[in-house]
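Visitor: no letters, just coordinates:
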């Protein structure tokens, strides 16, 4: 906490960005945290430590998420537009008590001030509880990776399923996880892709809403000052790397001082996979009506154009590097390729054996194939953790009334 207060600029930047994103309806705390993190990475003096536990990045992301909650309250209470799921629930509670959020919210007597006092007290309690429990919570960093990773994977499977109670969503998560692994192994950042998935529904919905306002005319995006300015800014930010590279070459003149670059052979496979996915999206979009397929066609076509540019620049590479063992194997525990296979087997076991049995089997299998098998005294702890995982999932199902998959034999 002291380290965070020693970085007032990170606190201010994260707070302002989070608050501004919170004012915009339906973006959510995830977008606020990621945006605060990315912007802080641009201005921080320790940007080389980002991704390795940088205090600047952690401070900006957490402050941004906290400030987003307060920003959501502005649109929720004063405009009647829920800024997040949490505020939608709070608005529903206010309506039950006879208070309609909106422009007349402040004229509803003393109850609005009670809401503000409750928000203030909740933030104070959050601060106090955090201070009291931080020493206990920090011990999680001492948990071995081969134990922590399968537990996190089980929670990810659980979250993917309970959202809509579809087993197919688990497979979507697995495919996206493999895709993110390939991007990370080849040096492509995954945070912008995560932000794109978060904002995709909102962007598409507002795209069609804007077309409806303009009676189907695309001129609505270029005749309104705000939308025109935003489009220009997007193009400027997108063209910035090419402009800087062109300016650098002009300053160097005719001297060929540019060092030849090299690419990994895995980049070609990853680029081919991305191109294949975009082609499948483009072909699948034509099954729907012209209004529905409009946005997918635009996104897929733009992605294919960028992939064509990537292919032209990659083909000109002077050297192609083969993947080394560090690219294939994890630093410790189960190799990366074997880990992907284990996750795929886990996804197959969920509908066949049931979620609880599949999760316990997955955990034991990871423990057996990792370095833990060399330590016989650890198997007692593995047995206890396996039983604890089963009890947790069973309690989760019973208490929250969630119907987890029970397998083919149930």
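Guide: Received, thanks. Predicted, not measured: the structure shown is a model, and the values here were computed from it.

Visitor: all contacts plus neighbour counts: C-alpha atoms, from now on.
Guide: OK.

Visitor: remind me which helix or strand residue 243 belongs to.
Guide: Assignment of secondary structure by DSSP states H and E places residue 243 within helix 225-252.

Visitor: can you spell out which helices and strands pack onto that helix?
Guide: helix 220-223 (3 or more CA pairs under 8 Å, 6 or more residues apart in numbering; DSSP states H and E).

Visitor: who touches the helix it packs on?
Guide: By CA atoms under 8 Å, 6 or more residues apart in numbering, the surrounding residues in contact with helix 220-223 are 210, 211, 213, 214, 227, 228.

Visitor: a markdown table for those, including neighbour count and pLDDT?
Guide: As requested, these are arranged in a markdown table below (neighbours: other CA atoms under 10 Å; pLDDT from 0 to 100):
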| residue | neighbour count | pLDDT |
| --- | --- | --- |
| 210 | 16 | 83 |
| 211 | 16 | 82 |
| 213 | 10 | 83 |
| 214 | 13 | 81 |
| 227 | 13 | 83 |
| 228 | 14 | 86 |
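
Visitor: quick check: the farthest pair among the residues you listed?
Guide: Of all pairs drawn from these, the one with the largest separation by CA to CA is 213 and 228; the distance is 15.7 Å.

Visitor: hang on, residue 407 packs against residue 354?
Guide: Yes: the pair residue 407 / residue 354 is scored as a contact, 3.9 Å apart, by CA atoms under 8 Å.

Visitor: below-threshold pLDDT in the stretch 301-410 of the chain: ranges please.
Guide: Scanning the stretch 301-410 of the chain with the threshold set as pLDDT under 70 gives 315-334, 371-378, 409-410.

Visitor: please enumerate the helices of it.
Guide: Across the stretch 301-410 of the chain, reading from the start of the chain, the helices by DSSP state H, counting those that start in this stretch fall at 325-328, 336-353, 355-369, 379-399.

Visitor: avg pLDDT for stretch 95-109?
Guide: For stretch 95-109, the mean pLDDT works out to 76.

Visitor: buried set for that stretch?
Guide: The neighbour-count check on stretch 95-109 (16 or more other CA atoms under 10 Å) flags 99, 100, 101, 102, 105 as buried.

Visitor: and of these, the nearest to residue 362?
Guide: Distances from residue 362 to these, taken as CA to CA, are shortest for residue 101 (47.4 Å).

Visitor: OK, contacts around the closest one?
Guide: If a contact means CA under 8 Å, 6+ apart, then residue 101 has 76, 77, 78, 79, 80, 91, 94, 95 as its contacts.

Visitor: whichever of these end up buried, select them in PyMOL.
Guide: What follows is the PyMOL syntax for the buried subset of the contacts of residue 101, where burial is set by 16+ other CA under 10 Å:
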select buried, resi 76+77+80+91+94
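
Visitor: so of the contacts of residue 101, which ones are in strands?
Guide: Using DSSP state E, the subset of the contacts of residue 101 located in strands is empty.

Visitor: can you flag which of the contacts of residue 101 belong to helices?
Guide: Using DSSP state H, the subset of the contacts of residue 101 located in helices is 91, 94, 95.

Visitor: look up how far residue 33 lies from the residue nearest to the spatial centre of the chain.
Guide: The centre of the chain sits closest to residue 194, judged by CA atoms, centre = their mean, with a distance of 3.8 Å. When CA to CA, to the nearest Å is the yardstick, residue 194 and residue 33 sit 12 Å from each other.
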